[in-house]
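**Q** Task: produce atomic coordinates for the following.
(chains A, B, C and D)
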4 protein chains.
Amino acid sequence: MEEKNVFVRYLNWPVLAVALFAYTTAQAQQVPVPPKMVPEMTEFWEPEPRVVTPGMGMAPPSDALILFDGKSLSQWKAKGGGGDAGWQVKDGSFTVGKGDITTKQEFGDFQLHIEWSAPDKVEGTSQGRGNSGIFLQDRYEVQVLDSYNNRTYSNGQAGSIYKQHRPLVNAMRKPTEWNIYDIIYTAPRFKDDGTLFTPARVTVLHNGVLVQNNVEIKGPTEYIGLPEYKAHGKAPISLQDHGNPVAYRNIWIREL
Amino acid sequence: MEEKNVFVRYLNWPVLAVALFAYTTAQAQQVPVPPKMVPEMTEFWEPEPRVVTPGMGMAPPSDALILFDGKSLSQWKAKGGGGDAGWQVKDGSFTVGKGDITTKQEFGDFQLHIEWSAPDKVEGTSQGRGNSGIFLQDRYEVQVLDSYNNRTYSNGQAGSIYKQHRPLVNAMRKPTEWNIYDIIYTAPRFKDDGTLFTPARVTVLHNGVLVQNNVEIKGPTEYIGLPEYKAHGKAPISLQDHGNPVAYRNIWIREL
Amino acid sequence: MEEKNVFVRYLNWPVLAVALFAYTTAQAQQVPVPPKMVPEMTEFWEPEPRVVTPGMGMAPPSDALILFDGKSLSQWKAKGGGGDAGWQVKDGSFTVGKGDITTKQEFGDFQLHIEWSAPDKVEGTSQGRGNSGIFLQDRYEVQVLDSYNNRTYSNGQAGSIYKQHRPLVNAMRKPTEWNIYDIIYTAPRFKDDGTLFTPARVTVLHNGVLVQNNVEIKGPTEYIGLPEYKAHGKAPISLQDHGNPVAYRNIWIREL
Amino acid sequence: MEEKNVFVRYLNWPVLAVALFAYTTAQAQQVPVPPKMVPEMTEFWEPEPRVVTPGMGMAPPSDALILFDGKSLSQWKAKGGGGDAGWQVKDGSFTVGKGDITTKQEFGDFQLHIEWSAPDKVEGTSQGRGNSGIFLQDRYEVQVLDSYNNRTYSNGQAGSIYKQHRPLVNAMRKPTEWNIYDIIYTAPRFKDDGTLFTPARVTVLHNGVLVQNNVEIKGPTEYIGLPEYKAHGKAPISLQDHGNPVAYRNIWIREL
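**A** Now for the predicted structure:
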């Protein structure tokens, strides 16, 4: 492609001079060398990024949706029936109760901050100790487990994408201490015929330590067998009742 | 997710029954259906992720290399000549002095934590206010600038990949407050003939807020003109002297 | 690879023996080893790929939409006004005439086969010789140019993504001979807010030789300045009138 | 980053005029608008793509390494022992004989052209009919099978990445006719510690019809169980003896 009357449109001497310079250089070097740009040509003022006031420490930034503020589960409901989320809130956190819970709102791509604590009383082994889970878009599980001195299969320990990707390292804190997950999630995209276009991707920081580096999620989490994508749109965040009294607090999300 | 009685579950008749069921279904449907797997087939115990003790708050995890501990610039040297890094350390931080400085060690892929503060005394405008920069592998700049109520070109404000990617949002803290960058960096790879195989990629959290989401770096940072990759191996982290007394503290890095 | 006696193999003792072996090994090694799968667990019969009858030589496969069959430009219209495509058809090909033309139908992802010939009479130099272009989704140009013994800028010669990616090699045939482009195109995807999610990608074979290997398109083709994506949906294929009598023939497309 | 004495270096009136224009525009619009570039700024003459003379029809381009020219298996050896490739050459093609064969040379990324024909005499069903395979880098199998009216599991038919990706469509020709694979292969890359950096990717055209579109290979082809990458460097192309007299001809490769 080459636009023919291009010089006419913005014709002025400076431009011609630059072009002449380029031409002269080219003659000397046999092939033309692109004329030098000026700095402003790679400086783009619009759009201006909107201002977000970050929170201090782990506090939510100003544009976050608070999914749990220490007081109420009003952003959550019971999974399945859709009744109230029946888990117990106490002292600024809540503890896994009967049945999974799920957010009332649905999300696509997002940044999620969530804190959790394995039960103070250490019981069980392997998958039986402090087990819960955070299901991104209700399908893709970031494992929650007491992985402090508790060996299990690597792709099932805390920080794993359950049965898909083991964490890069085990950054687990002791029971009685709070763990933090900072999760950057890109939803999968599907073609019009329902087949996968791009898989979901996720980055996870566990207590500030990178444990998943933009890994491709292989499909919905399966306890048995191989995952397989099925087309879906926005979907909620769900928390799993695995029978262990794992506690959660300070949950916020920013849609991307 | 669940896991109990590991080997008991598939060392018995139920498994055979499942297989039989699959076989029967297949006959009915004309095409075979894959037999059901058992949970253990997707449970991988090796390798075991190594244990890292996370720091509390922004403190370094146990496997981090401390690039600045509040006391000395012993991990740094002057850029160019290679003499000592002459910037002044005081009260747990150091301030930009004469000439760029660079780490003595070189890095490939990494997670980098670095805190910085724009000058308390607000002077200058646009690129003239609180300007410095963090050069990943000595080439790819994450911009440092006082972007608190200080408009400049979007791809040149704090949190930008300078002149390449504007930040998703402006998460800048006020002068006198400390800013935090958490950076996840994947180095570019080159083919044997020196051409680019995969570009560098970077994720940046600014004060805990996502500002760069695994973006592709287009090449070495250029003030004038278009970036172009040139093959290189491991390389240091450099900090820029742009004539403004920006302060830095609490710098650590984990190679990935 | 092998597959015989499908269900016999795992409906019997050997499978149990394998499982037992895994269990024993696990005991010895302290950590469990995943039990061995059977071959059928990774054999998926559904969905069955539909049958396409390939053409002989460069002839269209049975599922292709024929965009030019040697006889009529009925699949094309004039760009802009939307009147008939006024280019002249003769002897099984057509020649660039007045004004660009564009397909009546719009496309997303596709495989495109198109043949073209630079003018028999060699005139002009650089961009002035045998210049035309194929605009994928009406925006992204695969350059058409007589690049046989005709030096121009590398990212503007035949097989280039115009002003974005030079071809890997120059696989141009002589004037009087026909050139073939086989193009595999993945459309860009956009987020709901109109920003880019994934860039367009393209693979181009020029006379059977790879010249573009799944490169990322940077945005709509620009003669002046840097490309920038704007959200769009399905769009037609357009052919450029650059004032040179380039000929085209045998054009077919398969939506992906 | 901002270079301070930048204007001094190439100071001349034209540039200043351009900058002034930008500044003036900016004043009017409140924020600066990047000055317009000139076309030559995005025209890059170096490096110049080298010239390759394409073959007519399926004939090799001038820069291809001919792996089989119709006469001799001199580019191949027996797999394992390393003796001569014992398969029989006749009438310009060769037929699968005893034991796999492998190229003497090793390859990284490449474009491979290979033609094959299922046995004229149709025998067996499913995986038992006309079965062979092309192992890219001796590990990753593009399936060869008589898939003309021969149902098998989708991820095991002709054009599949065996047990990993079914072909997009079934573009198989009848026995007695020759099939063509055009394969574009990008080798996996590994980190220094042997873990995977980027998986292998492959595009396959079967008789000119796209059947694999730059898919990620999951690891070495496994008949039983899940694939898992192990670090490796350049490696040969291998052809599989699966007991069926599949014929091959016209094989050439271009390293990328």
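**Q** What pLDDT is listed against the residue lying closest to A:P39 once chain neighbours are set aside?
**A** Nearest residue to A:P39 in three dimensions, chain neighbours excluded: B:I224, at 5.2 Å (CB to CB, 6 or more residues apart in numbering or on different chains). Where you see a C-beta, it was placed from the backbone N, CA and C, and this is true even at glycine. For B:I224, the model assigns a pLDDT of 98.
**Q** What of A:E2?
**A** 46.
**Q** A:G82 too?
**A** A:G82 is given a pLDDT of 79.
**Q** Please apply the same query to A:I161.
**A** On the pLDDT scale, A:I161 gets 98.
**Q** Now for A:E106: which residues touch it?
**A** A:233-236 (CB atoms under 8 Å, 6 or more residues apart in numbering or on different chains).
**Q** Columns pLDDT, distance to A:G83 and secondary structure on top of these, output as CSV?
**A** CSV is the format used below for these (pLDDT from 0 to 100; distance: CB to CB, whole Å; DSSP: H, G, I helix; E, B strand; the rest coil):
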residue, pLDDT, distance to A:G83, secondary structure
A:G233, 98, 24, coil
A:K234, 98, 22, coil
A:A235, 98, 19, strand
A:P236, 98, 15, coil
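**Q** Compute the distance between the most centrally placed residue in chain A and chain D, please.
**A** Residue closest to the mean C-alpha point of chain A, counted by CA atoms, centre = their mean, is A:I184 at 1.8 Å. Relative to chain D, A:I184 is positioned 20 Å away (CB to the nearest CB, to the nearest Å).
**Q** Is that residue in a helix, a strand, or coil?
**A** strand (DSSP: H, G, I helix; E, B strand; the rest coil).
**Q** May I have the residues that are in contact with the residue lying closest to it once chain neighbours are set aside?
**A** Nearest residue to A:I184 in three dimensions, chain neighbours excluded: A:T203, at 4.2 Å (CB to CB, 6+ apart). Counting by CB under 8 Å, 6+ apart, A:T203 touches A:183-184, A:210, A:212-215, B:184, B:203, B:214.
**Q** Where strands are concerned, which of the residues you listed count?
**A** A:183-184, A:210, A:212-215, B:184, B:203, B:214 (DSSP state E).
**Q** Out of the residues you listed, flag the one nearest to D:W178.
**A** A:V215 (41.8 Å; CB to CB).
**Q** So for that closest one, what's the nearest residue that isn't a sequence neighbour?
**A** That would be A:H165: by CB to CB, 6+ apart, it lies 4.9 Å from A:V215.
**Q** Looking at strand pairing, list the partners for that neighbour.
**A** Beta-bridge pairing for A:H165 (DSSP bridges): A:I161.
**Q** isn't it right next to A:Q157, touching?
**A** No. Assessed by CB atoms under 8 Å, A:H165 is found out of contact with A:Q157, at 11.0 Å.
**Q** These two: which has the busier surroundings?
**A** A:Q157 (25 against 22; other CB atoms under 10 Å in any protein chain shown).
**Q** Kindly report the residues of the stretch 151-256 of chain A close to chain C.
**A** Within reach of chain C by CB under 8 Å from any CB of the partner chain, the stretch 151-256 of chain A has these residues: A:151, A:153, A:189, A:191-192, A:197-198, A:226.
**Q** ok, now with 10 Å
**A** The stretch 151-256 of chain A comes close to chain C at residues A:151-154, A:186-187, A:189, A:191-192, A:195, A:197-198, A:225-226, A:228, A:234, A:256, as judged by CB under 10 Å from any CB of the partner chain.
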